[in-house]
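S.K.: with the sequence up front, the predicted model follows.
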Amino acid sequence: MFIYGFPVLGLQYMSRAEDLFRMAAENKAAPGWIGDKWRCVCGVENSTNFCPECGAKAPAKPWKCSCGRDCTTNFCPDCGAKAPV
Ligand SMILES: [Zn+2]
Ligand SMILES: [Zn+2]
């Protein structure tokens, strides 16, 4: 009975872990700004500099450089201009 039941419990645990992993991967694919809010890796939408749920730092807000490039970094990768504060 123990030997028969153990692998079944093991499989249930495995599929649950896979689901959790997939959910985490989906959440991780989404961080970024949506309008004036940003979605955290934990899935919570914030308008603050740090996520109030998990403390993650907000991703850099996209900005349009004077050279025409859309940037998400502190400095434009094309011309080196600094992001407006
Ligand atoms: Zn978070
Ligand atoms: Zn630029």
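M.R.: Nice, I can see it. Ligands and ions are numbered 1, 2, ... in the order given.
S.K.: pretty sure C42 is touching P52, no?
M.R.: No: the criterion here is Cβ atoms under 8 Å, and C42 misses it with P52 at 10.2 Å. For the C-beta atoms, the positions are set from N, CA and C on the backbone; glycine is no exception.
S.K.: what parts of the chain come near ligand 2?
M.R.: Selection of the chain residues close to ligand 2 by Cβ under 5 Å from the ion yields C65, C67, R69, C76, D78, C79, A81.
S.K.: least trustworthy helix or strand in this structure by mean pLDDT?
M.R.: Across the helices and strands of the chain, mean pLDDT, DSSP states H and E gives its lowest value to helix 2-29, namely a mean of 61.
S.K.: next helix or strand past that one?
M.R.: Once the chain leaves helix 2-29, the next helix or strand it forms, by DSSP states H and E, is strand 32-34.
S.K.: helix or strand right after that following strand?
M.R.: Moving toward the C-terminus from strand 32-34, the next helix or strand (DSSP H and E) is strand 37-39.
S.K.: circling back to that earlier point, so between C42 and P52, which is more surrounded?
M.R.: When neighbours are counted by other Cβ atoms under 10 Å, C42 comes out ahead of the other of C42 and P52, with 15 against 9.
S.K.: contacts only, for the more buried one.
M.R.: N27, C51, E53, C54, A56 (Cβ atoms under 8 Å, 6 or more residues apart in numbering).
S.K.: list buried residues within those residues.
M.R.: For these, a burial check counting by 16 or more other Cβ atoms under 10 Å picks out C51.
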